[in-house]
Structures are given as C-alpha cells and as structure tokens.
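Colleague: predicted coordinates and the sequence they were generated for:
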Amino acid sequence: MDPTPTPTRPPARTRIAPSPTGDPHVGTAYQSLFSYALAHQTGGRFLLRLEDTDQVRFDANSERRIFAALAWVHLLPDEGPEQGGPYAPYRQSERLPIYQAHAEQLIAAGHAYYCFCTPERLAAMRKEQEARKQPPRYDRHCLTLPPTEVQARLTAGERRVVRMLMPDEGVTSFHDVVRGEISFENRLLDDQVLMKSDGFPTYHLAVVVDDHLMGVTDVIRGEEWISSTPKHVLLYRYFGWELPTYAHTPLLLNDDRSKISKRKSPDKTRLEGFRERGFLPEALLNFLALLGWSHPDGQELFSLDEFIRVFSPARLLKAGSVFDMNKLIWMNGQYIRLLTVDELAMRLIPYTTHTAEEVRRVLPVLHDRLRLLSEFDDLAVIFFTEPVYDSALFSSKQFDAPALADHLAAARAWHADQPWPWEKEAWEAGIRQLAEERGFKKAGDLFMLLRVAVTGRKESPPLHDTMLLLGREATLARMDAALGVLRGA
RNA sequence: GGCGCAUUCGUCUAGCGGCCCAGGACGCCGCCCUCUCAAGGCGGAGAUCAGGGGUUCGAAUCCCCUAUGCGCUACCA
C-alpha cells in the first residue's frame, strides 16, 4: 500500500529559520510543516536554526517559546540548538567568526567592500533619491575610497559595514519549484549590507553561509523572500557553491488579503493563542496543510503521517490564501470527535477546573457539542454548579407561572415515585403521558420546562442523560429550587 | 516610483485543451432525525473561471496586453 511518491531523490535537508523576536508565529508552523514533510519523506533531516542576528529586536524568551510551539504541533527539528547536531552551533549569534571570515573572503575576491557611511548620510541620500523619484540605492560612495584610507579608518576602529558588490549588468535568474524561472536585472540590485557595524551579519549573508555549511538542500520559505533571492544566488556564485532548490510558498493572508499580521489578525498569528483557545495541534496542522496546497486525492482530513507521505512542493499554489477561522474551528470539531472519551479527557485536563474523573463522567454527552477544548467548562457547568434561574426562561405561551409551577410540581412528584435509575423508554413515555394529562399542547413544552428546571438553560444534552448524570437527589432538588423561583415570580 | 509575484463560488480549493454552461470543503439557507442544543444525513443558493485580444475544430487550462491585488525596495528577518 503505497500509492504515493516513492521519492526518487536523495534525502533532503531542510530548515526552519525563525528569528527570536517575540511571539512564535503561525507562519513558522506553516513553513515548518512543508520543510518537515519534505525532509521526512526523503529520509532526510529537518533543522531549526535561530536567526538571532538582530540585537535590537532580540527577545531572550522567544527561543524557548518557539521550541515549545514547534513541539506542540509535533514538528520537532532533528537538529537544532536544543538537540544539537553535526553542524552546531545552530544559533547564528554563536557563529559570528564564520560570517566574519566569509565576509573577508568576499572582500579579498573583490565581491564586497567596506562602507563607512553614517546612517545620517544614507538617510539624506535616500531622501534625495526619493525626491528625484529614483529607486533608493546605495550610491557606492565608499567603493572608490583609496585602499590606504580604508586601511587607516579600519585601524582607527571606525564604525563600518561590509557591502556586497552587485554586478552592473546581466541578469540573475533562478528556478523556483512552484513558480518556475524567475529573473532579475542585476543593475537594479542594491549593494546589500552583509555585515552590520555591530559585527553581526545580515540575513542575506548568514542564510547563504549557513544553508551551505549545514548542507541544506531545499529552501522552503515564504514568497516575501523572492525579491532577495537574486542576492542569495549571487552570493552562492561568488563563493562557488552549489545552489539549493528553492520553493517559495504562498503567503498566509489577513481578511483584507494583505500578508498576515499580528495587528490585523491577532487571533491567527500567535501559535500559543491557538493552544490557549483549545485547538488541537493535529487540526491546526491539517488546516494549515490545506492552505496553498491540496491533497492529490482531494482528501480534507488527514494525519501528519499521511501528509508526509503525499506532500509534494510542486503541488504548492502560487497565490496567497486567507486564513478562515471558521473552517479551522469546524476541523477542530472533527478531530475532537475522532478522539475516544479517554483521549479527549486527557487533552481537556489543562483546560478545565474539573478532575479527570469528573470529565470522563460527563464527556459522553458533551463530546459532540465541543468544538474547542476551552469550551468544555461552559458546557459542563450544568453538571457541577447549581443553576441560577432566569425566570424569563420559564415563560410559556400556553401557561402562566402558577400553572407552570403546578405542572412542575406534578412532574417532580412523578419522578420521585419512579424507581431509580429511571429507565429511558419508560421515563420518556411517562413524561409524554404526563404532558397529555396536564393539557400540554406539545409534549416538547413539558420537556423544556423540565430542562430549564434541571439545567437552568434552554439548551442541554438530552434530558434523560442529563438527569442520570446528575443523580436522583440532585435532579429532584433542582426541581424544588425551580419551583421556588416559579412560585416567587 | 522601481522590480517581482499573483488573479476559479464570501473563504479554502479541484482543474494541468474536449469528461466543466466548472467539482469538493467551510460558512449560509432548507429538509430529515429529534424533548432543546449539537452531532449526523439529504438538498439548495452561490464563480459570465479579473477584463480584453489572440492561438486552436475546441481554452478555466497555451500566448500577449490591460486592470487590480500583494510582496520587496532597511546596518529587520
């Protein structure tokens, strides 16, 4: 039984390279999903590399949280800062000498140069270019500095960056697995900063050096990186390295079709938020897999293992997709229904104030009513807390309050006479007969009267189930309490 | 502004020249089941395949143009 791509390719080494700057992002799980699947379907490895090169935005807690979030969605890396690996260290901040050496190699080869321009000068230059409606690009002021002056300013310890020297002409193109050939004119490329003045590399240098050194064969990343890819391709060429395979995935979108953002979609960006609200990681993953990709057989519900089996980057779509919370919630309900009572009870523990025993007891009647794990306590409250009656709920078209009280009293007496436990068929027949005797136009109205009396709500699991779960004494006591309200009102 | 990428029901998508006056899923509506709410079952509304030109006997599918959207344009990733 193997209807799917027996990969006829060497093992893939893929990576997710988040920057630890805050809340673990849904995009990280989205990208990881594809990279994880490709690596594992080819017998390769999936690695996590921390791109902590921005000292300004760095957040010390972020790494731990990213790792926990990936663990939660079952996308643990095979190599990374926590579990190590043959290409450690996996934090870029611990690889500074490597980037330094590579930057110097580029300078020596004439593919990069030192730049001493101040932020002020660059800002002024950009402003002027903008005013003249020209594309903002570095004017290469420092490219022509005499070598002796460069040397002198270097020894003086002046602040400087290293810039990449872009070719003046020609075209840089690369093949993208999902979009085909993409080309950029070299003369339009800016002389990118490779090494910042604080000694840290920029993304462009670090990603190329590390992907190569770590043996990454397949780069799967978001579409927002397409524009920078020519710079990366040029770097590979300067270093004389073999290019990885590129696959740029579609973007996750806000409702207004802009790139998904915390500001516009606060409920969709934080991975921890999904966990807090009671989404199952397998449902989130399944949902994410269906954004920008579809199962070859049209299946909507499938496991991570199944996804690994059939995933192919070539089936990735080109257009971005809006994250539809409605469908995710539906899918979560599907996954909840797939779980056994015992499994579900275990999963509910972090979301409930009740004991595992209590959860297991009432779960059978709540199972089909749950969409989010966090909804459990609200649904279960009828079993654990005495109802606070809203007299408006008792209102009936047919009877006034005193009449309802009489009916309820009769029903209460009838229940008290029944041998416990109340047997379903007999109980239901009894209620219907009582409804008829007491002149109810619809038997359903008596059921509703009892429902409100016993649960304090107009919606609940089937009444008989509910009463059995509550027990004889509690059920009768609640009827008495309801009677009090009805007579007082 | 420049460059790049994209464009099938409200949303996620199937489709890779004839099987499509476009199929599925979520949502919505109705019906069934039913003591309520769910779950489940059945059915319905919903897309002139962004627009316009080609190519072809035949185009959602290939080519060109236009429009629109998005992305990038930092010593952020």
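Modeller: Right, received. Where do you want to start?

Colleague: what ranges do the strands span in the stretch 51-200 of chain A?
Modeller: Shown for the stretch 51-200 of chain A, the strands assigned by DSSP state E, counting those that start in this stretch span residues A:112-115, A:161-164, A:171-176, A:180-185, A:193-195.

Colleague: give me whichever of those is most buried.
Modeller: Compared across the strands of the stretch 51-200 of chain A, strand A:193-195 shows the largest average neighbour count, a mean of 25 (mean count of other Cβ atoms under 10 Å). All C-beta spots, glycine's among them, are computed from the backbone N, C-alpha and C.

Colleague: so after that one, what's the next helix or strand?
Modeller: Next helix or strand after strand A:193-195 toward the C-terminus (DSSP states H and E): helix A:203-213.

Colleague: list the buried residues of that following helix.
Modeller: Neighbour-count burial for helix A:203-213, counted by 16 or more other Cβ atoms under 10 Å, picks out A:203-212.

Colleague: what residue ranges in the stretch 351-489 of chain A score low on pLDDT?
Modeller: Scanning the stretch 351-489 of chain A for pLDDT under 70 picks out A:489.

Colleague: run through who's touching stretch A:283-292.
Modeller: A:26, A:29-30, A:33, A:73-75, A:249-250, A:252, A:274, A:300-304, A:307, A:311, A:316-317, A:319-321, A:323, A:327-328, A:331-332, A:334-335 (Cβ atoms under 8 Å, 6 or more residues apart in numbering).

Colleague: ditto for stretch A:377-393
Modeller: Stretch A:377-393 is touched from outside by A:351-354, A:358-359, A:362, A:366, A:369-370, A:401, A:452, A:454-458, A:460, A:466, A:469-470, A:478, A:481-482, A:485-486, A:489, with contacts defined as Cβ under 8 Å, 6+ apart.

Colleague: at 6 Å what do you get?
Modeller: Around stretch A:377-393, the neighbours that count as contacts under Cβ atoms under 6 Å, 6 or more residues apart in numbering are A:352, A:362, A:366, A:369, A:452, A:455-456, A:458, A:460, A:469, A:485, A:489.

Colleague: starting at the chain centroid, how far to stretch A:355-370?
Modeller: Here stretch A:355-370 is found 27 Å from its chain centre; the criterion is Cα atoms, centre = their mean, to the nearest Å.

Colleague: okay, and residue A:220 sits in which element?
Modeller: In the assignment (DSSP H and E), residue A:220 maps to strand A:218-222.

Colleague: how about the helix or strand following that strand: buried residues?
Modeller: Next in sequence after strand A:218-222, counting helices and strands by DSSP H and E, comes helix A:229-239. Neighbour counts over helix A:229-239 (16+ other Cβ under 10 Å) mark A:229-236, A:238-239 as buried.

Colleague: how about stretch A:251-270?
Modeller: The neighbour-count check on stretch A:251-270 (16+ other Cβ under 10 Å) flags A:251-254, A:260, A:265, A:268-270 as buried.

Colleague: adding distance to residue A:173, write the residues you listed out as a markdown table.
Modeller: Shown next, in a markdown table, are these (distance: Cβ to Cβ, whole Å):
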| residue | distance to residue A:173 |
| --- | --- |
| A:251 | 22 |
| A:252 | 27 |
| A:253 | 27 |
| A:254 | 31 |
| A:260 | 29 |
| A:265 | 34 |
| A:268 | 35 |
| A:269 | 33 |
| A:270 | 37 |
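
Colleague: among those residues, which lie within helices?
Modeller: A:268-269 (DSSP state H).

Colleague: only C-alpha atoms, please: export stretch A:327-339 in PDB.
Modeller: Only the C-alpha atoms of stretch A:327-339 are listed here, as PDB (Å, rounded to 0.1, in the frame of the first residue of the first chain):
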ATOM      1  CA  LYS A 327     -13.100  26.300   8.800                       C
ATOM      2  CA  LEU A 328     -10.400  25.700  11.400                       C
ATOM      3  CA  ILE A 329     -13.000  25.600  14.200                       C
ATOM      4  CA  TRP A 330     -15.000  23.100  12.100                       C
ATOM      5  CA  MET A 331     -12.000  21.000  11.600                       C
ATOM      6  CA  ASN A 332     -11.100  21.100  15.300                       C
ATOM      7  CA  GLY A 333     -14.600  19.700  16.000                       C
ATOM      8  CA  GLN A 334     -13.900  16.900  13.500                       C
ATOM      9  CA  TYR A 335     -10.700  16.000  15.300                       C
ATOM     10  CA  ILE A 336     -12.300  16.200  18.700                       C
ATOM     11  CA  ARG A 337     -15.000  13.700  17.500                       C
ATOM     12  CA  LEU A 338     -12.300  11.300  16.300                       C
ATOM     13  CA  LEU A 339     -10.800  11.000  19.800                       C
END
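
Colleague: run the chain-centre distance for that stretch.
Modeller: Counting by Cα atoms, centre = their mean, stretch A:327-339 comes out at 16 Å from the chain centroid.

Colleague: and for stretch A:398-405?
Modeller: 52 Å.

Colleague: buried residues in it?
Modeller: A:399, A:401, A:404-405.

Colleague: likewise stretch A:274-284?
Modeller: Within stretch A:274-284, the residues that count as buried by 16+ other Cβ under 10 Å are A:274-275, A:277-284.

Colleague: just those residues now: which is nearest residue A:141?
Modeller: residue A:274 (48.4 Å; Cβ to Cβ).

Colleague: give me the number of residues near the residue lying closest to residue A:455 once chain neighbours are set aside?
Modeller: Leaving aside its sequence neighbours, residue A:455 sits nearest to residue A:382 (Cβ to Cβ, 6 or more residues apart in numbering; 4.3 Å). By the criterion of other Cβ atoms under 10 Å, residue A:382 has 23 neighbours.

Colleague: and residue A:382, which helix or strand is it part of?
Modeller: Using DSSP H and E, residue A:382 sits in helix A:376-384.

Colleague: buried residues in that helix?
Modeller: Applying 16+ other Cβ under 10 Å to helix A:376-384 flags A:376-377, A:379-380, A:382-383 as buried.

Colleague: again with stretch A:351-371
Modeller: For stretch A:351-371, burial by neighbour count (16+ other Cβ under 10 Å) applies to A:351-352, A:354, A:359-363, A:365-366, A:370-371.

Colleague: just those: which are in helices?
Modeller: Using DSSP H, the subset of those located in helices is A:359-363, A:365-366.

Colleague: near RNA strand B, which residues of the stretch 1-150 of chain A?
Modeller: Within the stretch 1-150 of chain A, the positions near RNA strand B by Cβ under 7 Å from any atom of the strand are A:17-19, A:51, A:53-54, A:56-57, A:117-119, A:122, A:126, A:133, A:135-138.

Colleague: where does chain A dip in pLDDT?
Modeller: Checking chain A against pLDDT under 70 turns up A:1-7, A:489.

Colleague: which residue sits farthest out from the middle of it?
Modeller: residue A:437 (57.0 Å; Cα atoms, centre = their mean).
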